[in-house]
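1. Here is my input; please provide its structure:
(2 chains)
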Amino acid sequence: MKLGRALLFALALLAAGAAGYLAGRPRASAADYRAALAETDVLERVQRMSGLLLSLDEAGLPAALEAVEERRVWLSEQELRVFMHAWVRFDAEGAFEHALGWPDRHFRKASAAAIYAWGIRDPEAARRSVESLGRSGARERLEKTLFEAWLRTGDKRGATGFVASLSDGNERQKQTVVLAHAYLADGREALQRWAESVSDDAPGRYKRTVFQQAAIALAQDDPAAAAAWITNHLDRSYSKGTARIIARIWAQRDAPAALTWVGALSPGRERDTALARAFDRWLAHDPRAAQAWLEERQTAEGWDAALAAMARATAGESPPAAIAWAQRIRDPLLRERSLVDAARTWLHADPRAAERWLSESELSEDARALARRAPRAR
Amino acid sequence: MRLGAPFALLALAGAFGLGWYAARPHSAAPSDSAAFAEVLRDPDALRGIHHYSVLLQSLGPDDLPAARAAVDQGRRITRLETRLFFHAWVRFDPQAALEYALTWWDPHPPASMVVLAWATKNPAAALQALKAVEDPVLRGQLQNDLVSGWVRSGYTRGVTDYVASLPAEKKRREFLLKLLAAEQRRAGGRDAVMAWVAALPDDVDGEFRRIAFAQAALILATDDPRAAVRWLEPHLGEADAAEAPGAIAAFWIRKDAPAALDWIETLPEGAVRDEALTAALRRWLKSQPTVARAWIAENEPPEDVRRALASDMSRRGARRPAPSDGMDSPPVETPAGRAVENAP
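-> I've put the predicted structure just below:
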């Protein structure tokens, strides 16, 4: 009997608590929301609006929506996000659908605000909803906003999966840059692990995009670390182009170190391009040092790309000097091409002297004809 | 037993009170130095932004370093969060806020936020500060924020003269005057827009007056095209109002093409009507090319109009295909829409 009474009393307490909860729930009226939105100071407005919205529920939605829609023209996407954060707490899909129906171009900011808020709460569900839309510029904008939200949640892995699934293009690349910097903020190793974790067969050669952006971010942070990391991947197709990216960035800070690294890479097109890029960069900011460095190495093998870059750089000022540099190139094809380029420039600047050299040169008749065919205007 | 009943009642009242208290929103934000970073990391975004705004309300020199560290070049926070931070800073040291904004790798967004907030508070001081911005491109961009903030400050005297004093091409003037008209509308409603046009300074040139009139007409039309037409009618034929019919027509045709075309038909025959029709059809051809082309084929507009449209087409030519009808069509040009991106 006593137990029964105690149980009854406990139930009564629970009921009283629930009644108190229901009575205590503040429900803002449309007038409250209007007053908050009419506030001219943005900080006051956001504070008041977000404070009211903290207790928004389905029953209170019509009042809030009425006030927000009255101010539709004046509300930016960023401020609409505050409202959508409240709505998606209890009906994300409804919020998004409603936003898509806003008139004129206002649906853009409303749907972007809704997808951002939904993406913060449940990015996978938001993604499914965006993917159900037909391909359009509007969808691309929503994808961009969803990516922003996804990253804000801290789920970088999920965000990577999402970006990888997007069509290959500028937006995907931009988002990959953002991801690379987000990972770099967690440390170089985190960035490297991220790039390596992307599947080799991710759509649209996504791993290559990731490696390139990771190489740029890492090289800007610590080029030696970037070089050490990428060296282990250079035999893989996804790393194509990364050596020249790192070499170029490194050469800006410490060209001899960059060139020493490039010089030690396996011979091939990737190495030659990296060498030319690094040397070009050095020539642009310290030509004397670059020349002195190359003079020390001109008899050694493996510096043809640098010699060709040197010939290109000197041709405008002194074609004979350019020819002298080109003549030191060991690879016959590259040597001939560099000599033809220098001769063309010379023919334009001083046809008699150039012709004299050309007729006595080691070049084949075809190469001479090529040099004479189109004098290069400088 | 006698004590039992009052005790039970008290307990029930206590339970009710606890429930009531639990239901109230508790918005007290943390207030130590790590608070900014903490609220920005709040997984509940609404609660986070609310606490953040509460914290910023009392931002002062002492907690500025902590707030600044959390904002960190805007890399990990949204534009609104960045904006609220600069807005709060401008309240007590706008000059320092601007100097800090100018150190960002992309100084335009934060500097724009600072200038807007500063001009809203003290347009004269913001104007002086803007003169010291060295980069001419950035300075030009920040003029927009100065104009917006100036109108929002309520001290609108001088703002039109300021816009008139800027060396600007027609497109730039159109943009600034559209912004000015939109801000007038925002601050004081349609009456403020009309009053602004009526009080244009006497010493501004004819082109400036024509553009101001047209942009005012456009802003009024975005609210209610028929009201814009009623306002314009007594001015038809005046030199200042020459471009206004085109501005209204180009906006209206996207909202309600039959109504816009009917109104154009009522305009006095000649250049005014032809220019309004050209402006409307230009816009219509961009937004709904199929419908617009069908209308042109059926109605055979005057020769001058057709020639102007043909010249547009040949200029655009192979540059890009006409946009298709539907979801992704170009937006209605509502300057108000652009202005709200920088709402104070």
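2. Grab the nearest non-local neighbour of the residue nearest the centre of chain A.
-> Centroid-nearest residue in chain A, with Cα atoms, centre = their mean: residue A:177, separated by 1.9 Å. Once flanking residues are discounted, residue A:177 sits nearest to residue A:213: 5.2 Å by Cβ to Cβ, 6 or more residues apart in numbering or on different chains. Every C-beta, even on glycine, is put in place using the N, C-alpha and C of the backbone.
3. for residue A:227, same thing?
-> That would be residue A:261: by Cβ to Cβ, 6+ apart, it lies 4.8 Å from residue A:227.
4. Tell me the gap between whichever strand or helix holds that neighbour and the middle of its chain.
-> Assigned by DSSP states H and E, residue A:261 belongs to helix A:242-263. When C-alpha coordinates are averaged (Cα atoms, centre = their mean, to the nearest Å), helix A:242-263 and its chain have centres 22 Å apart.
5. Stretch B:103-116 now?
-> The answer for stretch B:103-116 is 17 Å, by Cα atoms, centre = their mean.
6. on that earlier part again, burial of the residue nearest to residue A:227, as a residue count?
-> 24 (other Cβ atoms under 10 Å in any protein chain shown).
7. ok, is the top helix by length along chain B in contact with chain A or not?
-> Determined from DSSP state H, the single longest helix within chain B is helix B:170-198. Yes - Helix B:170-198 reaches chain A (Cβ under 8 Å from any Cβ of the partner chain) through residue B:186.
8. Just give me how far that helix sits from the chain centre.
-> Mean-position distance between helix B:170-198 and its chain equals 11 Å (Cα atoms, centre = their mean).
9. okay, now the domains of chain B?
-> For chain B, automatic domain parsing gives the domain ranges B:23-92, B:93-154, B:156-344.
10. Can you tell me which of those domains is nearest to residue A:104?
-> domain B:156-344 (5.5 Å; Cβ to Cβ).
11. Could you tell me the average pLDDT over that closest one, please?
-> For domain B:156-344, mean pLDDT rounds to 82.
12. Equivalent analysis for stretch A:201-213, please.
-> 92.
13. same question, stretch B:96-110
-> The pLDDT scores in stretch B:96-110 average 94.
14. repeat for stretch A:106-116
-> 96.
15. who's in contact with it?
-> In this structure, residues lying in contact with stretch A:106-116 by Cβ atoms under 8 Å, 6 or more residues apart in numbering or on different chains are A:72-73, A:75-78, A:80-81, A:83-84, A:87-88, A:92, A:95-96, A:98-102, A:126, A:129-130, A:138, A:141-142, A:145-146, A:148-149, B:331, B:337.
16. can you count the residues close to residue B:241?
-> By other Cβ under 10 Å, neighbour count at residue B:241 equals 21.
17. likewise residue A:176?
-> Number of residues near residue A:176 (other Cβ under 10 Å) recorded here: 24.
18. repeat for the one 4 residues further on
-> Counted with other Cβ under 10 Å, the burial measure for residue A:180 works out to 24 neighbours.
19. host element of it?
-> Using DSSP H and E, the element containing residue A:180 is helix A:170-184.
20. Would you mind measuring from the closest residue to chain B within the stretch 251-378 of chain A to residue A:230?
-> Residue of the stretch 251-378 of chain A nearest chain B, by Cβ to the nearest Cβ: residue A:252 (17.1 Å). Using Cβ to Cβ, to the nearest Å, we find residue A:252 at a distance of 17 Å from residue A:230.
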